[in-house]
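Asks: 3D, please:
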Amino acid sequence: AEGQFNLGLSYLAGKGVPRDPAAAAEWFRKAAVQGLAPAQMSLGVAYAKGEGISQDFAKAGKWTRLSAEQGYAPAEFNLGVSYMRGEGIPKDTQAGIKWCRKAADQSYALAMFNLGHFHAEGIGTSRDDVAAYMWFELATKSMNSEFVPAASARDQLATRMNADQIKRARRLARNWREAR
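Replies: Okay, the predicted model is just below:
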């Protein structure tokens, strides 16, 4: 299954073979039916974008969910976003937050960034600048290099916080990292 998935990636990127999104989707499907989580998510993305395959949000949701249920963080994040937008599945803000949190718990920066945004804006949760700052801080530090959008959001948020709130948020972020 891994070889089939990798061949799909090659066709999608046009590396070593001509770029062919339809062939990529077919190779992703072959690996996905064997239960390979990255292939399931990639097939879900192909369905969502209509890249090499007819766009079908319901099938995108199905394959993304199968991948997410295996604990694959990028799929958990994508499923969370799908719930937030109501793409292929009924819109459900709480389910979206739950799946983003699962990905964030694996240090997936984009999920951490979204959780920061949800707390900063009060989307599906009460507005909480300390929690938002914590998630932005974690997203900033979760990648090998600084995640610029998260750093920018964190710094912008800090303009409406006092020193004690920032100190508390940094402590929460440090405690979160140490617990992992």
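Asks: Could you measure from the residue nearest the centre of the chain over to residue 167?
Replies: Computing the C-alpha centroid of the chain and ranking residues by Cα atoms, centre = their mean puts residue 77 first, at 2.8 Å. Counting by Cβ to Cβ, to the nearest Å, the gap from residue 77 to residue 167 is 29 Å. No exception for glycine: its C-beta is placed from N, CA and C like everyone else's.
Asks: And the contacts of stretch 15-26?
Replies: The contact list for stretch 15-26 (Cβ atoms under 8 Å, 6 or more residues apart in numbering) reads 7-14, 42-43, 46, 51-53.
Asks: I figured residue 60 hits residue 41, correct?
Replies: No: in this structure, residue 60 is not within contact of residue 41 by Cβ atoms under 8 Å, at 9.8 Å.
Asks: Would you mind pulling up the elements that the worst-scoring helix or strand of the chain on mean pLDDT packs against?
Replies: Counting by mean pLDDT, DSSP states H and E, the chain has its least confident helix or strand at helix 148-158, which shows a mean of 93. With contacts defined as 3 or more Cβ pairs under 8 Å, 6 or more residues apart in numbering; DSSP states H and E, the packing partners of helix 148-158 are helix 109-121, helix 129-141.
Asks: 10 Å instead?
Replies: Using 3 or more Cβ pairs under 10 Å, 6 or more residues apart in numbering; DSSP states H and E, the elements in contact with helix 148-158 are helix 109-121, helix 129-141, helix 163-178.
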